[in-house]
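*Asks:* the following comprises the amino acid sequence and a computationally predicted model.
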Amino acid sequence: MRFAVTPSVGSANELSYGLMVEAHRGAGQDRAVVVPVPRGLLLVVADGAGGIAGGAEAAQMVVESIRAAKPRTSAACVDVLKTMDHRVAAHTTAGETTAVVATIAGTTLAGASVGDSVAWVLLSDEIVELTAQQVRKPLIGSGRAEVVPFEATLESGTLLLATDGLHRYAQRDAIRRISRGSNVDSATRNLVELVRLRSGDLQDDIAVILFRLADARREDTSEHPS
């Protein structure tokens, strides 16, 4: 099941993002959403845990709860994910999931995460891992998830939120180079193509969101997978 990239590309001082979710098989368990909020955007990715039932439902519950709550600070993001940890755990059919939520207002970035999905700021010569201190397990839905906040200023570079269907199977330098391509729509598509097998299949579900300020200066070394 493949969801189209959803680009919103503007001129100076507006916001530009691309979103793409694709399943390895069936409907998949990865979810992603971009929600417009006053003066910015709210970005979410979630990866329902495989190996146990209800992963997709857990991921969808988290995405919908964040869409409704619209947290605007790192503390608020932590509170929503902690609440969802217990709510999903109490649900009769939902399993467990990772989650990364990032809220953007101007150049101010705040968020929180659980699990092994990532939030990275991709610069011309390095990757800043906003989720470097996150706790991989237990996941949301266990009732014991440890939610870790993050904050940053995004004056340049590209923000990437992604599930492990991307970062587990692609080299970091390739992810950085492609993500900084001048066209955010094409860059999002090319990240998914980066991990696609010659057969056309994926090795895992994948969810990718790329965000940048439309007037951020970028070095377009390449827009294509290698």
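*Replies:* Thanks, I have the structure now.

*Asks:* within the helices and strands, which one has the most centrally placed residue in the chain?
*Replies:* By C-alpha atoms, centre = their mean, the chain has its centre lying nearest to residue 161, at 2.8 Å. Taking DSSP states H and E as the definition, residue 161 sits inside strand 158-162.

*Asks:* and the helices in the chain, which stretches?
*Replies:* 55-69, 74-90, 164-167, 172-179, 184-194 (DSSP state H).

*Asks:* ranking those by burial, who's on top?
*Replies:* The highest mean neighbour count among these, using mean count of other C-beta atoms under 10 Å, belongs to helix 164-167: a mean of 23. No exception for glycine: its C-beta is placed from N, CA and C like everyone else's.

*Asks:* is it true that residue 143 touches residue 94?
*Replies:* No. Using C-beta atoms under 8 Å, residue 143 is not in contact with residue 94; the gap is 11.8 Å.

*Asks:* those two: which is more packed in?
*Replies:* residue 94 (24 against 13; other C-beta atoms under 10 Å).

*Asks:* check contacts around that one.
*Replies:* Taking C-beta atoms under 8 Å, 6 or more residues apart in numbering, we find residue 94 in contact with 54, 57, 58, 61, 88, 141.

*Asks:* mind checking pLDDT for the third one?
*Replies:* It stands for residue 58. In this prediction, residue 58 carries a pLDDT score of 98.

*Asks:* do the same with the one 3 residues further on
*Replies:* Here the pLDDT value assigned to residue 61 is 98.

*Asks:* all numbers from here: first residue = 51
*Replies:* Got it, the first residue is 51 from now on, which makes the last one we talked about residue 111.

*Asks:* tell me the spacing between it and residue 255.
*Replies:* Residue 111 sits 17 Å away from residue 255, going by C-beta to C-beta, to the nearest Å.

*Asks:* go on, residue 184?
*Replies:* For residue 184, the distance to residue 255 - C-beta to C-beta - is 19 Å.

*Asks:* so those two - more neighbours on which side?
*Replies:* The residue with more neighbours, out of residue 184 and residue 255, is residue 255; 26 against 23, by other C-beta under 10 Å.

*Asks:* isn't that one right next to residue 73, touching?
*Replies:* Yes. At 5.1 Å, residue 255 counts as touching residue 73 under the criterion of C-beta under 8 Å.
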